[in-house]
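Colleague: 3D model of this:
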Amino acid sequence: MRPIHGVLASVLLVAGLIGVLAIQPEPADLGGVAHPRFQSMRHGSESTPWRGSTLGWAWALGCAVIIVFGSLLHLGGGRAAGRRSLQLLLLLTVVLHLAAWTWMIVEFRAYQLGAFDARLLGLPRPTAVLLFVFWPISLAYSALFVAGFDRWVLTEDERLRFRALVAKRREEDA
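Modeller: Here you go, the predicted model:
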């Protein structure tokens, strides 16, 4: 499959999942319920939209968005020789990112079901996974792009071709 097909397929998947989430029935207390002690504050209730199948759809949407990121970076990598290492590193990053997202959703669901005392590094487990696992893995995309830009995205041959095109254009305009 060509990289552009991967981008198109992943964007269509995201659009489809957003459509599925949009047609889910809206609970009556979507905005939360009044806090028993602080009336100006609202909090979630038993029928918040993250209960039941909506959390599964949200997990699927998050996975699809991660795949969009990976497919867009793959598209930027092109098809030149030596880019196999980019593909492998990118695949590894996407797999780790999907695993971190899944772990965060699993921890969130456990927290919903009453595991309020479960802590990781002093924080509620879903928050700790977000801060110390999910976000750092998200930064790996930027690190891959910065570290491999000259080898994978804009190679020396492409840079020379670009300079030749600019020089030719300047001669035509002069």
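Colleague: Which element is encountered next along the chain beyond the least confident helix or strand in the chain by mean pLDDT?
Modeller: Using mean pLDDT, DSSP states H and E, strand 42-43 stands out as the lowest-scoring helix or strand of the chain, at a mean of 72. For strand 42-43, the following helix or strand on the C-terminal side (DSSP states H and E) is helix 53-77.
Colleague: mind listing what's buried in that following helix?
Modeller: Using 16 or more other CB atoms under 10 Å as the test for burial, helix 53-77 gives 54-55, 57-74, 77. No exception for glycine: its C-beta is placed from N, CA and C like everyone else's.
Colleague: the longest helix in the chain is where?
Modeller: If you go by DSSP state H, the chain has its longest helix at helix 84-112.
Colleague: how about that helix: buried residues?
Modeller: Buried residues in helix 84-112 (16+ other CB under 10 Å): 86, 89-90, 93-94, 96-98, 100-101, 103-105, 107-109, 112.
Colleague: now stretch 127-143
Modeller: Thr127, Ala128, Val129, Leu130, Val133, Phe134, Ile137, Ser138, Ala140, Tyr141.
Colleague: Let's test this: mean pLDDT of it, rounded?
Modeller: Across stretch 127-143, pLDDT averages out at 89.
Colleague: and it, C-alpha only, in CSV?
Modeller: Extracted in CSV, the C-alpha atoms of stretch 127-143 (Å, rounded to 0.1, in the frame of the first residue of the first chain):
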residue,chain,number,x,y,z
THR,A,127,-3.1,10.5,35.3
ALA,A,128,0.4,8.9,35.9
VAL,A,129,0.2,6.8,32.7
LEU,A,130,-0.8,9.9,30.8
LEU,A,131,2.0,12.1,32.2
PHE,A,132,4.8,9.6,32.4
VAL,A,133,4.1,7.1,29.5
PHE,A,134,1.7,8.5,26.9
TRP,A,135,3.0,12.0,26.5
PRO,A,136,6.7,11.0,26.4
ILE,A,137,5.9,8.4,23.7
SER,A,138,4.0,11.2,21.8
LEU,A,139,7.2,13.2,21.8
ALA,A,140,9.0,10.4,20.1
TYR,A,141,7.3,11.4,16.8
SER,A,142,9.0,14.8,17.0
ALA,A,143,12.3,13.3,18.0
